[in-house]
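Participant: After the sequence you'll find the predicted model.
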Amino acid sequence: QVRLVESGGGSVQAGGSLRLSCAASGSIVIPYTMAWFRQAPGKEREFVGAISWSGDRTPYADSAKGRFTISRDNAKNTVDMQMNSLKPEDTAVYYCAARVSGSASDNAYDYNLWGQGTQVTVSS
């Protein structure tokens, strides 16, 4: 059984950086797309960015472009997201998601596997 486990969340001041990691445990042999979503209190879950199996496609939400970078290591079954220039509006629970077939998508319903989430809090 495959599980996704996020780590790296925490509290930081505006302008600071955090690096989130997502590790997939269990056996995944089918090429899959990974993505990050976030959900702030009282708001719907929203797409942050995704990365294709080969890493050649990395779409980002407008709010993340130029500040967040997603990378992956297929040998280790991990995907990271470097977040720079953080803003208070980035405060949310961040979720890692995997899609076992299909290309990188910004639709949460396209993803089959989800982690438990990690809290990111940015203070002004």
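Facilitator: Looks like it arrived, so ask away.
Participant: Looking at the residue positioned nearest the centre of the chain now. What's its pLDDT?
Facilitator: Centroid-nearest residue in the chain, with C-alpha atoms, centre = their mean: residue 36, separated by 2.3 Å. The score at residue 36 is 97. That number is its pLDDT.
Participant: which residues sit in contact with it?
Facilitator: Counting by C-beta atoms under 8 Å, 6 or more residues apart in numbering, residue 36 touches 20, 22, 48-50, 68, 70, 81, 94-97. Backbone N, C-alpha and C define where each C-beta goes, glycine included.
Participant: mind listing the strands for the chain?
Facilitator: 3-7, 10-13, 18-25, 33-39, 46-51, 68-73, 78-83, 92-99, 113-114, 118-123 (DSSP state E).
Participant: Flag the shaky bits of this protein, pLDDT-wise.
Facilitator: 27-31 (pLDDT under 70).
Participant: try 90
Facilitator: 1-3, 24-32, 53, 74-77, 100-103, 112 (pLDDT under 90).
Participant: burial count for the closest residue to residue 93 other than its chain neighbours?
Facilitator: Closest residue in space to residue 93, ignoring its immediate chain neighbours: residue 117 at 4.2 Å, by C-beta to C-beta, 6 or more residues apart in numbering. Counted with other C-beta atoms under 10 Å, the neighbours of residue 117 add up to 18.
Participant: Same question for the one 5 residues further on.
Facilitator: For residue 122, the number of neighbouring residues by other C-beta under 10 Å comes to 20.
Participant: OK, contacts around it?
Facilitator: Taking C-beta under 8 Å, 6+ apart as the definition, contacts of residue 122 comprise 11-14, 16, 86-91.
Participant: Look up how far residue 19 lies from the closest residue in space to it that isn't next to it in sequence.
Facilitator: Closest residue to residue 122 apart from its sequence neighbours, by C-beta to C-beta, 6+ apart: residue 86 at 4.6 Å. The gap separating residue 86 from residue 19 is 11 Å, by C-beta to C-beta, to the nearest Å.
Participant: Neighbour count for the two, which is higher?
Facilitator: More neighbours surround residue 86 than the other of residue 86 and residue 19, with 21 against 14 (other C-beta under 10 Å).
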